[in-house]
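1. next input, structure requested:
(one chain, ligands or ions: 2)
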Amino acid sequence: MKPKVFIAKPIPKEVEEYIAQYCEYKIWNKEESIPIERLLKEAADIDGLMTSQGAINMEFLKNTPRLKIVSKIGVGYDNLDTDAMKACGVLGTHTPYVLDETVADLVFGLILSAARRIPELHNFVKDQKWDKSISESFLYGQDVHHATIGIIGMGRIGEKIARRAALGFEMKVLYNSTTRKPALEEKYGIHYSEINPLLEESDFVLMMLPLNESTYHFMGEEQFNRMKSSAIFINCARGQVVDEKALIHALKEGKIYGAGLDVYEAEPVEKDNPLLEMANVVTLPHIGSATEKTRFDMAMIAAKNLVAGVTGQVPEHVVPELQDLIK
Ligand SMILES: NC(=O)C1=CN([C@@H]2O[C@H](COP(=O)(O)OP(=O)(O)OC[C@H]3O[C@@H](n4cnc5c(N)ncnc54)[C@H](O)[C@@H]3O)[C@@H](O)[C@H]2O)C=CC1
Ligand SMILES: O=C(O)C(=O)CO
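-> Ligands and ions are numbered 1, 2, ... in the order given. Below is the predicted model:
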């Protein structure tokens, strides 16, 4: 008998066909997220779950006695309660590496958009307001080339951003991360910095940390106060790594020049979120990895992790906290 799996979001046909070779499967094929009650019902007798969101915690796991693996489509796995999964012997996998370059491209999209006020000027032209040249007081932007960027979180994606910044835009790159990366310092001429000098010196502060207990609200009032009033804050990591109220306050008070955001404390972003009203804030709907090719590749990698997990193989991308389960 084939193992039973549930796929909690639409995936490409080819990926579905791959899973069908090895598993009996059901799929949630609607664009809107599956309601939790429905997921709990579907998950009651499954061996594997493939998903990109939703809390996988003890409450969930109590209802899934046969579950062997949760295969996350995505690299950030902050929705997986790894302590609970460990206690229940459930593997968790994710999709690192495949999306690094795509996310790094989007980060530069946010940097350029916020610095050169591209969305504002796009609307200016489309709204047929271009009847005079723009002036200094109105819509001049900031240079990106040769500016200083401070990258917080020099991991897989941080490295790709550092390469673009140092070699492409000839920026001075400062970084802060758990460990120093001498090989990258040598290769790209980037510099390790303690967090406070990084915040104080950077023209662009980029958040690229994973969300966990140690990084929750990493950026708060104190950190925004340290930034230059001409600096731009970019978040392409997770909304909760930033105290959004403190960010809104810093923007309102002119403590920083602007922001480029792909992620928010609540997603989809709440309709009355003040960030949506601010002309100096570029807002994207969590699309860091959302190109056709990368999303296809992520789904296929997640499918391979899933199939491995339910057929007694060792999946390639078990999250670090659950590596003990495969030893
Ligand atoms: N907006 C989007 O669509 C996307 C967002 N992401 C987010 O980006 C995050 C980073 O992804 P990767 O680069 O692949 O992860 P990674 O694990 O390779 O890199 C994270 C780096 O942060 C460092 N770090 C962790 N805690 C720290 C702390 N308290 N202080 C300083 N450094 C710390 C780690 O040592 C590591 O070098 C993901 O966890 C995910 O949440 C990832 C992909 C797309
Ligand atoms: O991979 C992730 O962590 C995302 O946020 C979506 O690509």
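2. tell me the secondary structure at the residue nearest to the spatial centre of the chain.
-> In the chain, the C-alpha nearest the mean C-alpha coordinate belongs to Ala237, at 3.8 Å (CA atoms, centre = their mean). Taken by DSSP: H, G, I helix; E, B strand; the rest coil, the conformation at Ala237 corresponds to coil.
3. show me what contacts Cys23?
-> Neighbour list for Cys23: Lys2, Pro3, Lys4, Val5, Asp47, Gly48, Leu306, Val307, Val310 [criterion: CB atoms under 8 Å, 6 or more residues apart in numbering]. (C-beta placed from N, C-alpha, C; glycine too.)
4. which of the residues you listed has the most neighbours?
-> Ranked by neighbour count (other CB atoms under 10 Å), these have Leu306 at the top, with 34 neighbours.
5. stretch 206-225 and ligand 1, any residue contact?
-> Yes - judged by CB under 6 Å from any ligand atom, stretch 206-225 and ligand 1 are in contact via Met208, Leu209, Pro210, Leu211, Ser214, Thr215.
6. same list (those residues) but as a markdown table, adding pLDDT and distance to Ala104.
-> Converted to a markdown table, the residues of stretch 206-225 next to ligand 1 look like this (pLDDT from 0 to 100; distance: CB to CB, whole Å):
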| residue | pLDDT | distance to Ala104 |
| --- | --- | --- |
| Met208 | 98 | 9 |
| Leu209 | 98 | 15 |
| Pro210 | 98 | 16 |
| Leu211 | 98 | 19 |
| Ser214 | 96 | 24 |
| Thr215 | 98 | 20 |
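7. partner residues bridging Leu80?
-> Leu80 forms beta bridges with Ile56, as assigned by DSSP bridges.
8. ok, it touching Gly92?
-> Yes - in terms of CB atoms under 8 Å, Leu80 counts as a neighbour of Gly92; the distance is 4.7 Å.
9. compare the two (neighbour count), which wins?
-> Set side by side, Leu80 and Gly92 show more neighbours around Gly92, with 26 against 23, by other CB under 10 Å.
10. give me the residue from the stretch 101-250 of the chain nearest ligand 2.
-> Of the residues in the stretch 101-250 of the chain, the one nearest ligand 2 is Val103, at a distance of 7.0 Å by CB to the nearest ligand atom.
11. isn't the residue nearest to the centre of the chain right up against Val263?
-> Yes - counting by CB under 8 Å, Val263 is a contact partner of Ala237 at 6.5 Å.
12. helices or strands up against whichever strand or helix holds the residue of the stretch 101-250 of the chain closest to ligand 2?
-> Assessed by DSSP states H and E, Val103 sits inside helix 100-115. Using 3 or more CB pairs under 8 Å, 6 or more residues apart in numbering; DSSP states H and E, the elements in contact with helix 100-115 are helix 156-163, strand 204-207, strand 232-235, strand 258-261, strand 281-283.
13. just want the angle from it to helix 156-163.
-> Interaxial angle, helix 100-115 versus helix 156-163 (axes from the mean of the first three to the mean of the last three CA atoms, to 10 degrees): 60 degrees.
14. could we number from 534 for the rest of this?
-> From this message on, residue numbering opens at 534, which makes the last subject helix 633-648.
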